[in-house]
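J.: Predicted model follows, preceded by the sequence.
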Amino acid sequence: MEKNKLTNVGDLSEELLTEVLARLPIKTLLVCKSVSKPWLSHISNPNFINSHLRYIINNNNNDNNPTLLDILDSPEVNLFLDTYSTCHICIDRVVMPSVFRHSRVVGTSCCNGIVCLSNDYRNVVYLWNPSIRGFKEVFVPELYVSKWCPVKTGFAYDSTCNDYKVFRILYEVNLDSVTSKMQVYLVNGDSWREFRVPFWGKTMREKFEGNDFIVVNERLYFNSWDEEQLIAFDLRKEVFGLVPFPGSVQNKWSDVLDFKGSIAVVFESVSGIDLWTLDDDVSGQVSSWTKMFSIVPGPMFNMWLSCYLGAGQFYGNNLLEGNLFAHNILYDSEKKESKYYRDGREYILATLKYTKTLVSLDGFHQVEENADE
């Protein structure tokens with residue numbers, strides 16, 4: 001029999017080339033773009049980018065390869081981390097580009113590799129993929145003069161229409177009432193639309209206070225300071241709902257978390273401090289909470305958990321008297337151990353759960369090389 005001949009990489013079919021390249025990390029793929037014009041065209045093709053994204057999502061479903069991204073104010077930041085040898089977390093660091101200098105990161109995780117930022121006045125939104133150094137600037141409808149006050153910004157991917165959406169909730173104070181509305185920006189259409197939020201009256205601002213949100217199963221959950229419920233928004237139906245907390249709990253000790261594809265919150269009750277997961281419809285009329293496991297604070301008694309990273313690891317803060325954030329921590333829910341991650345006084349602007357992707361949105365521009373120096 002004739003021995004199989006070695007195949008030149010250039011002779012691979014489109015399908016096989018996609019199959020091979022989709023398994024490569026982002027850094028390698030960016031280098032591969034320089035190999036040849038055909039490879040540059042192939043890797044830049046939206047079909048390949050989607051294939052690579054699907055491979056990453058499917059590969060990360062085992063929850064064993066979490067990545068934490070530190071966004072720095074300066075490259076001269078030292079990290080004291082005593083968990084490099086004992087935890088399975090990849091830690092990336094990137095300096096905030098100067099174009100975003102007066103902005104803050106929205107949420108505690110990226111969306112398919114896209115990080116959402118909002119400027120100090122909340123009238124400009126940036127969508128940024130640090131892996132490919134691309135960004136898009138989105139101006140809000142009432143850019144310069146408005147009687148509406150923004151209180152919440154969110155960002156999500158809607159698989160039903162294959163589109164990314166930016167959400168802004170605003171309120172207007174009148175003499176005897178508070179009116180609220182939701183604005184939605186569609187990336188594919190590069191357009192805004194809006195509709196009124198139909199309830200909550202004078203407590204609107206308090207219910208939406210804070211800047212955190214999470215997206216699970218095509219639903220946007222806002223982290224409310226209300227002690228009895230959280231706020232949900234169905235991306236498909238575009239309806240709001242209030243989801244009551246379990247009746248037996250007292251204080252809340254976390255943001256709203258995405259725990260293995262389920263909404264989760266850490267609550268304190270008479271039995272201790274535990275993580276609970278939610279199974280509900282967005283209307284809040286049918287909801288149930290299940291206690292999953294106990295959180296043991298250990299030597300750092302007061303902890304606030306901000307994000308579930310995977311592999312049993314949580315990111316958060318330990319608290320001083322008066323609920324002031326002090327040190328950032330990593331909490332291992334399997335070993336019931338907390339370890340210092342970094343000092344809260346360092347010039348790290350944000351830390352979030354991150355996934356490296358090639359995703360590029362319409363209207364993306366390259367961050368200038370000198371913009372983050």
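T.: Right, received. Where do you want to start?
J.: which regions of the stretch 101-250 of the chain sit below the pLDDT cut-off?
T.: Scanning the stretch 101-250 of the chain for pLDDT under 70 picks out the ranges 143-148, 150-151, 173-178, 198-212, 223-227.
J.: Tell me the secondary structure at residue 122.
T.: coil (DSSP: H, G, I helix; E, B strand; the rest coil).
J.: I'd assumed residue 152 was in contact with it.
T.: No. Checked against Cβ atoms under 8 Å, the pair residue 122 and residue 152 is beyond contact range at 9.3 Å. All C-beta atoms are positioned from the backbone trio N, CA, C, and that covers glycine.
J.: Identify the contacts common to the two.
T.: Residues touching both residue 122 and residue 152 by Cβ atoms under 8 Å, 6 or more residues apart in numbering: residue 168.
J.: More neighbours: the two, which one.
T.: residue 152 (27 against 19; other Cβ atoms under 10 Å).
J.: What is the distance between the helix or strand harbouring that one and the centre of its chain?
T.: Taking DSSP states H and E as the definition, residue 152 sits inside strand 149-158. Put simply, strand 149-158 sits 12 Å off its chain's centre (Cα atoms, centre = their mean, to the nearest Å).
J.: Can you tell me what sits against that strand?
T.: Applying Cβ under 8 Å, 6+ apart, the external contacts of strand 149-158 come out as 106-107, 111-112, 114, 116, 118, 122-123, 125, 127, 140, 163-173, 204-205, 208-211, 213, 215, 218, 220, 222, 233, 235-236.
J.: ditto for stretch 31-40
T.: With Cβ under 8 Å, 6+ apart, stretch 31-40 has contacts from 10, 21, 24, 43-44.
J.: Can you give me the buried ones in it?
T.: residue 39 (16 or more other Cβ atoms under 10 Å).
J.: Kindly confirm my reading that residue 53 forms part of a strand.
T.: No. Residue 53 is assigned helix when assessed by three-state DSSP, not a strand.
J.: is it true that residue 140 touches residue 192?
T.: Yes. If you go by Cβ under 8 Å, residue 140 and residue 192 touch, sitting 7.4 Å apart.
J.: neighbour-wise, which of the two wins?
T.: Of the pair residue 140 and residue 192, residue 140 is the one with more neighbours under other Cβ under 10 Å, namely 23 against 16.
J.: how much space between the more buried one and residue 183?
T.: 7 Å (Cβ to Cβ, to the nearest Å).
J.: how's this structure carved up into domains?
T.: As assigned by automatic domain parsing, the chain contains the domains 11-48, 97-211.
J.: Pipe these into TSV and attach distance to residue 248 per row.
T.: TSV is the format used below for those (distance: least, Cβ to Cβ, whole Å):
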stretch	distance to residue 248
domain 11-48	45
domain 97-211	23
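J.: Deepest-packed of those, please.
T.: Across these, the average number of neighbours (mean count of other Cβ atoms under 10 Å) peaks for domain 97-211, which reaches a mean of 17.
J.: Which neighbours in the sheet does the strand holding residue 152 have, and how are they oriented?
T.: Its sheet considered, strand 149-158 pairs with strand 163-173 (antiparallel) by DSSP bridges.
J.: quick one: the helix or strand following the strand it pairs with to strand 163-173, angle?
T.: Using DSSP H and E, the helix or strand that follows strand 163-173 in sequence is strand 178-186. Between strand 178-186 and strand 163-173, the angle comes out at 160 degrees (axes from the mean of the first three to the mean of the last three Cα atoms, to 10 degrees).
J.: In terms of secondary structure, what does strand 178-186 contact?
T.: strand 163-173, strand 191-196, helix 204-207 (3 or more Cβ pairs under 8 Å, 6 or more residues apart in numbering; DSSP states H and E).
J.: how about those in TSV, adding distance to residue 302?
T.: Formatted as TSV, the helices and strands packed on strand 178-186 follow (distance: least, Cβ to Cβ, whole Å):
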stretch	distance to residue 302
strand 163-173	30
strand 191-196	39
helix 204-207	23
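J.: Relative to residue 349, which of the ones you listed is closest?
T.: Residue 349 lies closest to strand 163-173 among the helices and strands packed on strand 178-186, at 20.0 Å (Cβ to Cβ).
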